[in-house]
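Engineer: sequence and predicted model, in that order:
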Amino acid sequence: MPSRTTVALKVSRKTAEAENIQSFELVDPAGKALLPFTAGSHIDIHVPGGKVRQYSLCNPPRERHRYLIAVMRAEPTRGGSRAMHEQVKEGDLIEVSAPKNLFPLVESAKHSLLIAGGIGITPILCMAEHLADIGADFKMHYFARSPARAAFVDRIKRSKFADRGFFHFTEDQKQQRLDLAALLDTHDVEAHLYVCGGEAFMNAVIDIALQKGWHKSRIHREYFSVERRESDSNVEFDVTIASTGKTICIPADRTVMAALADCGIHITTSCEQGVCGTCVTRVLEGEPQHRDVFLSDDERNRNDRFTPCCSRANSRRLVLDL
């Protein structure tokens, strides 16, 4: 069931933005102003079927009358995007959380370089709108396979930052890397880089940036999805619940999340891929085997938190703060 922290918003408009991408305009049914948000924010959507998914807000933060999200139908899908595309209609009410921001802008940056891959344009577009509104120095680069698969192309071309928005349409990954290397080659030491998209694309951007001398503190990222990883090297281990002392065996073919749920211990989750951070849990003893893309390298090295939806253990036992 949706929590009491959600509100029911009306789908006032559903629009085909590109191949397999639909946008949804959400408004208060009574016409009230919505909670404010900052560039890079997302909202949790309770999609039909009981799943919860995060979608970035892609309208300008100055707007209070609507939230705009865009959803790409993923193949294969875990059900969320299919439900949004097939079941959610104009006029429907849908449960939505307050905006949250795990991908904030550094507004004081001397220069910002925004790079989007595919549906990763959604938070990047919101950032570009805001930076343009405050008169900041920035450039935006949008990578997609083709114009037909790129959302909001016309909106970008009509925007006040159209002369700072650049499109890269190619399915050739080698050409993408060449383009990225050229973009990241010359930069001011005070510049900040923002990247969002699929895992392979983002890893390529981050790897090239680090090779080109960008400091990791100035590289900001938000993953939308990760490649499915099946590992036949998984081994079973134990999880102990600190509050009760109960120890639960985690089989090689079950996630920590699922094994705990089988025992009546439920941790709030959403993406189930280690992307969103909803399920991050404190580790009191033991060494996690991190398989998420949410925690930073420094956070992983501390080994005091992990994502039970996908991560496992290097030690024989983990003690969790539950």
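Structural biologist: Arrived safely, thanks for sending.

Engineer: contacts and neighbour counts: CA atoms only from here.
Structural biologist: Will do.

Engineer: helix/strand/coil for residue 45?
Structural biologist: State at residue 45, reduced to three classes by DSSP: H, G, I helix; E, B strand; the rest coil: strand.

Engineer: the residue nearest to it when sequence neighbours are not counted: neighbouring residues, count only.
Structural biologist: Distances taken as CA to CA, 6 or more residues apart in numbering put residue 96 closest to residue 45, at 4.9 Å, once the chain neighbours are dropped. Neighbour count for residue 96, taken as other CA atoms under 10 Å: 23.

Engineer: offset the numbering so it begins at 417, please.
Structural biologist: With 417 as the first residue, the last one maps to residue 512.

Engineer: residue contacts, residue 512?
Structural biologist: With contact taken as CA atoms under 8 Å, 6 or more residues apart in numbering, residue 512 is in contact with 422, 423, 424, 425, 459, 460, 461, 462.

Engineer: the stretch 567-716 of the chain: strands as residue ranges?
Structural biologist: 581-585, 608-613, 635-639, 653-657, 663-666, 697-701, 704-705 (DSSP state E, counting those that start in this stretch).

Engineer: which one, of the ones you listed, ends up nearest to residue 434?
Structural biologist: Residue 434 sits nearest to strand 581-585 of all the strands of the stretch 567-716 of the chain, at 13.7 Å, using CA to CA.

Engineer: which strands or helices does the closest one pack on?
Structural biologist: Under the contact criterion of 3 or more CA pairs under 8 Å, 6 or more residues apart in numbering; DSSP states H and E, strand 581-585 touches strand 554-560.

Engineer: next, the buried residues of the strand it packs on.
Structural biologist: Neighbour counts over strand 554-560 (16 or more other CA atoms under 10 Å) mark 554, 555, 556, 557, 558, 559, 560 as buried.

Engineer: repeat for stretch 728-735
Structural biologist: 728, 729, 733, 734, 735.

Engineer: re the thing from before, most tightly surrounded among the strands of the stretch 567-716 of the chain?
Structural biologist: Each of these was scored by mean neighbour count; the highest is strand 608-613, a mean of 26, by mean count of other CA atoms under 10 Å.

Engineer: and residue 590, how far is that from residue 566?
Structural biologist: 20 Å (CA to CA, to the nearest Å).

Engineer: distance of the closest residue to residue 472 other than its chain neighbours relative to residue 518?
Structural biologist: Nearest residue to residue 472, sequence neighbours excluded (CA to CA, 6+ apart): residue 458, at 3.9 Å. Distance, residue 458 to residue 518, using CA to CA: 8 Å.

Engineer: same question, residue 465
Structural biologist: Using CA to CA, which is the criterion applied here, residue 465 is 26 Å from residue 518.

Engineer: cool, residue 610 as well?
Structural biologist: According to CA to CA, residue 610 and residue 518 sit 12 Å apart.

Engineer: and residue 511, by the same measure?
Structural biologist: Taking CA to CA, one finds residue 511 at 20 Å from residue 518.

Engineer: between these two, point out the one with more neighbours.
Structural biologist: Neighbours of residue 511 and residue 518, each counted by other CA under 10 Å, are more numerous for residue 511; the result is 20 against 14.

Engineer: and the more buried one, what does it touch?
Structural biologist: 418, 422, 423, 424, 425, 461, 462, 463 are the contacts of residue 511 under CA under 8 Å, 6+ apart.

Engineer: for residue 657, same thing?
Structural biologist: Contacts of residue 657 by CA under 8 Å, 6+ apart are 663, 735, 736, 737, 738.

Engineer: tell me which of those fall in strands.
Structural biologist: 663, 735, 736 (DSSP state E).

Engineer: show me what the closest residue to the first one other than its chain neighbours is bridged to.
Structural biologist: What sits nearest to residue 663 in space, not counting adjacent residues and going by CA to CA, 6+ apart, is residue 656, at 4.2 Å. With DSSP bridges as the criterion, the beta-bridge partners of residue 656 are residue 663, residue 735.

Engineer: touching, residue 656 and residue 672? I think so.
Structural biologist: No - Residue 656 is beyond contact range of residue 672, at 11.1 Å (criterion: CA atoms under 8 Å).

Engineer: so this structure: which segments form each domain?
Structural biologist: 423-512, 528-639, 653-736 (automatic domain parsing).

Engineer: now the ones you listed as JSON lines including distance to residue 522?
Structural biologist: Below are those laid out as JSON lines (distance: least, CA to CA, whole Å):
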{"stretch": "domain 423-512", "distance to residue 522": "10"}
{"stretch": "domain 528-639", "distance to residue 522": "8"}
{"stretch": "domain 653-736", "distance to residue 522": "17"}
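
Engineer: in CSV, list those along with mean pLDDT.
Structural biologist: Shown next, in CSV, are the domains of the chain (pLDDT from 0 to 100):
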stretch, mean pLDDT
domain 423-512, 93
domain 528-639, 93
domain 653-736, 90
